[in-house]
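> Structure of the sequence below:
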Amino acid sequence: MPSLTSKPILSWKTRFSLSFLTLVIKIARRPDGTLNRRLMSFVDHKTSPNPKPIKGVKSSDVTVDPTRNLWFRLFTPTSVTTSSSLPVVVFFHGGGFTYRSAASFMYDALCRQLARKCAAIVISVNYRLTPEHRYPAQYDDGFDVLQFLDQNGGVLPDIADLSECFLAGDSAGGNLAHNVAVRVCRNRLQNVQVIGQISIQPFFGGEERTESETRLVNVPLISVERTDWIWKVLLPDGSNRDHEAVNVSGPNAVDISGMDYPDTIVFVGGFDPLQDWQRRYYEWLKKSGKEAELIEHPNSIHAFYVYPELPGASQLISQVKDFINKCLSKL
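Sure thing, here's the model as predicted:
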């Protein structure tokens, strides 16, 4: 779908921030597939959990497996007036499987918004990163957190209802959410029931170069060269971008037609080079007989929702809230 404007509308402050981040990422990535992690930490401001409510949300960190630094940040809304239980949103952060964490300022802020405005318990997963940890480490971590919750629900507030669970993620986190959803379908959990998936500009790809990838070459954050590097350091040696975890609707796709796959909402940005892959994902879900909804943000760049000053950021949160309520109303 063509964008309504010829270029994204960004303030000078946002444009500078994105340009600086893009430059640091470029310098930090080494040709040999390693990363200058110290340099990346320079642009990744971390926050601590706060047991005292901030704008109606308190947070704490819960360890799942200290041997691999697997933990999650738990966000609990304190200003909810209802006495009934709250749904649980398990969130996987973006960053190309390589950057960011559950403690990153931008994701701490985003999850706080989700908890407050959607009236939900939000669990932000801190999974292992590439290139230090390759596939399937990230996917193992994601599923293992769900297994941990299934067996240790007592770590959550009493108002958390694991039978009303949502998987959510942005960019690489959207990819993780899908692949974890497939694992959940294959490995039934006793207490955790995934009833919905929130896929925010999910990071998919393939050997093919799509129209949007070749057309959108001067937009912030995403480029073919950068995504190629990410897939190279993620996938096992000898794999290409048509791997089932990357090209999820491609020639090696997992057949989900017979699975109890959750209802899904997919968000797409008009200035995101990944948009063709995201639409294919949505279309593949529909062809597989699954409930899916596509939401377009025509004038938005990749990761627009973590920049509150950008048009559409607050609208996306409202659309997520509507989707959650829609899924809950079907129970």
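> residue ranges for the strands of the stretch 51-200 of the chain, please.
57-65, 70-77, 86-92, 121-126, 160-170, 194-200 (DSSP state E, counting those that start in this stretch).
> ok and the shortest one relative to strand 160-170, angle-wise?
Strand 121-126 and strand 160-170 meet at an angle of 50 degrees, taking axes from the mean of the first three to the mean of the last three C-alpha atoms, to 10 degrees as the criterion.
> ok, strand 121-126: who's next to it in the sheet?
Strand 121-126 has the following strand partners under DSSP bridges: strand 70-77 (antiparallel), strand 86-92 (parallel).
> Please convert the strands of the stretch 51-200 of the chain to JSON lines, extending it with distance to residue 323.
Heads up, the C-betas are built off the backbone N, CA and C, glycines and all. Output for these, formatted as JSON lines (distance: least, C-beta to C-beta, whole Å):
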{"stretch": "strand 57-65", "distance to residue 323": "20"}
{"stretch": "strand 70-77", "distance to residue 323": "18"}
{"stretch": "strand 86-92", "distance to residue 323": "11"}
{"stretch": "strand 121-126", "distance to residue 323": "15"}
{"stretch": "strand 160-170", "distance to residue 323": "9"}
{"stretch": "strand 194-200", "distance to residue 323": "7"}
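> of those, which approaches residue 223 most closely?
Among the strands of the stretch 51-200 of the chain, the nearest to residue 223 by C-beta to C-beta is strand 160-170 (18.1 Å).
> most tightly surrounded among the strands paired with strand 121-126?
strand 86-92 (a mean of 26; mean count of other C-beta atoms under 10 Å).
> coming back round to it: make CSV out of the strands of the stretch 51-200 of the chain and add mean pLDDT and distance to residue 110.
Below are these laid out as CSV (pLDDT from 0 to 100; distance: least, C-beta to C-beta, whole Å):
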stretch, mean pLDDT, distance to residue 110
strand 57-65, 98, 12
strand 70-77, 98, 10
strand 86-92, 98, 8
strand 121-126, 98, 9
strand 160-170, 98, 8
strand 194-200, 98, 10
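> thinking again about what came up before, to residue 141, which of the strands paired with strand 121-126 lies closest?
Across the strands paired with strand 121-126, closest to residue 141 is strand 70-77 (C-beta to C-beta), at 5.3 Å.
> tell me the angle that closest one makes with strand 57-65.
Strand 70-77 and strand 57-65 are oriented at 160 degrees to each other (the same axes, to 10 degrees).
> Columns distance to residue 10 on top of the strands paired with strand 121-126, output as TSV?
Below are the strands paired with strand 121-126 laid out as TSV (distance: least, C-beta to C-beta, whole Å):
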stretch	distance to residue 10
strand 70-77	28
strand 86-92	25
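> residues touching the most centrally placed residue in the chain, list them.
Centroid-nearest residue in the chain, with C-alpha atoms, centre = their mean: residue 169, separated by 2.0 Å. The contact partners of residue 169, taken as C-beta atoms under 8 Å, 6 or more residues apart in numbering, are 91, 92, 93, 94, 175, 176, 177, 198, 199, 200, 202.
> partner residues bridging it?
Beta-bridge partners, per DSSP bridges, of residue 169: residue 92, residue 199.
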